[in-house]
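Visitor: With the sequence up front, the predicted model follows.
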Amino acid sequence: MLSIWCEVDALPSPHGASIFNRGETQALATVTLGSKLDQPMIDTAMDQHYDQFFLHYSFPPFCTNETKRIGGVSRREIGHGNLARRSLEVVFPKEYPYTVRVTSDVLESNGSSSMASVCSGSMALMDAGVPIKSEVSGIAMGLISDGERAVVLSDILGDEDHLGDMDFKVTGTADGICACQMDIKIDGLDYALLSTALEQARQGRLHILNIMNETIATHNEELKPHAPRITRYEIPSDKIGAVIGPGGKIIQGIQSETGATITIEEEGNKGIVFISGVGKETVDAALNIIKGIAAEAEVGEVYDAKVVSIMPYGAFVEFMPGKEGLLHVSEIDWKRVENVEEVMSIGDKIQVTLLAIDERTGKYKLSRKVLLEKPEGYVERPPRNRGDRGDRNRGGNRNNRNRDRRN
């Protein structure tokens, strides 16, 4: 088997990068992480869907020491790229919030560059922090026969591929095969030869995996500092409209305020919210706002509120995104407040607790004073009744006036 060396974090700008070199074949793989908005639409005659994981394979002329015009994507690039993509897609994690693009640039080729792309792509994904199930390696098997005798070759070169009778590419993990592809020039392949080829491929894959594991054994726990952060959050389906708002006003406001990008998908009775942005602070800020919109107000909880309007009888404060309640003048302070504007102004940040929710109207009753220290010797004023002495005297005086008017 040819000499092998590999390296990760080979380039500073991509979110993940690796180089895999086997003999005279070298592949540079880079990984880019994106959001849901970066998914390409695949439109075929039979299907239309969006790809979350895709791989681009590039085979430029200089990798085989040639000079020629570079046009569109060749049939070779499409086929080899598809084989590499299918090999890595098997270990790609489900419900991963990122859209992942792998690009394999073949820098030198004298052998199976598609298998080198699988190896370098696997390590680049791990370098990017993508939690793939296992590393994947690949090897190309060949066959030389004279009609009576046959020899299975491991890790074939370009000449062996050109002059041989078979090119059998096998990719897989330590546990099994992920994908395979065979080009054969003879009429058929008997079971014994196929079994020998598969066993030699397994041993070759394990040998390559051991070398790859010495370079990177598991995926990085942290993303690169310049990689986007994406969070997946679930909300009840009846809260989707509240997050979006009329005409998209709420969601656009969140994006404008935090700089994050937000997409929402409805699945059954829940909404899947994807929040992406540069830096953890950006994502967390948007997530906290959405949590506040989707959350239910709880009696007894303390909230950070903002004064939005002031009335003679109290102030209206926003204690959760999109939720406002009345802070009555009697609940502002333990001492009597004659003028609300002397205590607070519009835009002030205060803490309040939710006292009650009106079952009939759904209005919120808030209090600020219960969070303040009660003054020593404070005596609660009893509520005034309509039937107190003052009311009776007013009624008596009115009766006396009526009696005088009749007399």
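Guide: Noted; the coordinates are in hand.

Visitor: Would you list the phi and psi of the residue nearest the centre of the chain?
Guide: For the chain, the residue sitting closest to the mean C-alpha position, by Cα atoms, centre = their mean, is Pro97 at 2.9 Å. Backbone torsions of Pro97, given as degrees, to the nearest 10, read phi -70, psi -20.

Visitor: Return the residues in contact with it.
Guide: Applying Cβ atoms under 8 Å, 6 or more residues apart in numbering to Pro97 gives the contacts Ile230, Thr231, Arg232, Phe274, Ser276. (Each C-beta comes from the backbone N, C-alpha and C, glycine too.)

Visitor: Can I get the residues you listed in JSON lines including pLDDT and secondary structure?
Guide: Output for the contacts of Pro97, formatted as JSON lines (pLDDT from 0 to 100; DSSP: H, G, I helix; E, B strand; the rest coil):
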{"residue": "Ile230", "pLDDT": "89", "secondary structure": "strand"}
{"residue": "Thr231", "pLDDT": "89", "secondary structure": "strand"}
{"residue": "Arg232", "pLDDT": "88", "secondary structure": "strand"}
{"residue": "Phe274", "pLDDT": "91", "secondary structure": "strand"}
{"residue": "Ser276", "pLDDT": "91", "secondary structure": "strand"}
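
Visitor: Buried only: go through the residues you listed for me.
Guide: When the contacts of Pro97 are checked for burial by 16 or more other Cβ atoms under 10 Å, the buried set is Ile230, Thr231, Phe274, Ser276.

Visitor: so which of the residues you listed comes closest to Gln351?
Guide: Thr231 (27.0 Å; Cβ to Cβ).

Visitor: Leaving out the residues flanking it, which one is nearest to that closest one?
Guide: What sits nearest to Thr231 in space, not counting adjacent residues and going by Cβ to Cβ, 6 or more residues apart in numbering, is Ile275, at 4.8 Å.

Visitor: roughly how far out does the one helix or strand that neighbour maps to sit from the chain middle?
Guide: When elements are assigned from DSSP states H and E, Ile275 belongs to strand 270-278. Computed by Cα atoms, centre = their mean, to the nearest Å, the separation of strand 270-278 from the middle of its chain amounts to 7 Å.

Visitor: what packs against that strand?
Guide: Contacting strand 270-278 under the criterion 3 or more Cβ pairs under 8 Å, 6 or more residues apart in numbering; DSSP states H and E are the following elements: strand 228-236, helix 240-244, strand 261-267, helix 280-294.

Visitor: List the neighbouring strands of that strand plus their orientation.
Guide: strand 228-236 (antiparallel), strand 261-267 (antiparallel) (DSSP bridges).

Visitor: Domains in this structure, by residue range?
Guide: In terms of domains, the chain is parsed into 4-215, 228-294, 302-371 (source: automatic domain parsing).

Visitor: Buried deepest among those, which one?
Guide: With neighbours taken as mean count of other Cβ atoms under 10 Å, the domains of the chain reach their highest mean count in domain 4-215, at a mean of 18.

Visitor: chain center to that one, what's the gap?
Guide: With Cα atoms, centre = their mean as the basis, the distance from the averaged C-alpha position of domain 4-215 to the chain average is 26 Å.

Visitor: you'd agree Gly247 is in a helix?
Guide: Yes - with DSSP: H, G, I helix; E, B strand; the rest coil as the criterion, Gly247 is part of a helix.

Visitor: residue contacts, it?
Guide: Contacts of Gly247 (Cβ under 8 Å, 6+ apart): none.

Visitor: what do you get for the one 10 residues further on?
Guide: Listed by Cβ under 8 Å, 6+ apart, the contact partners of Glu257 are Ala285, Ile289.
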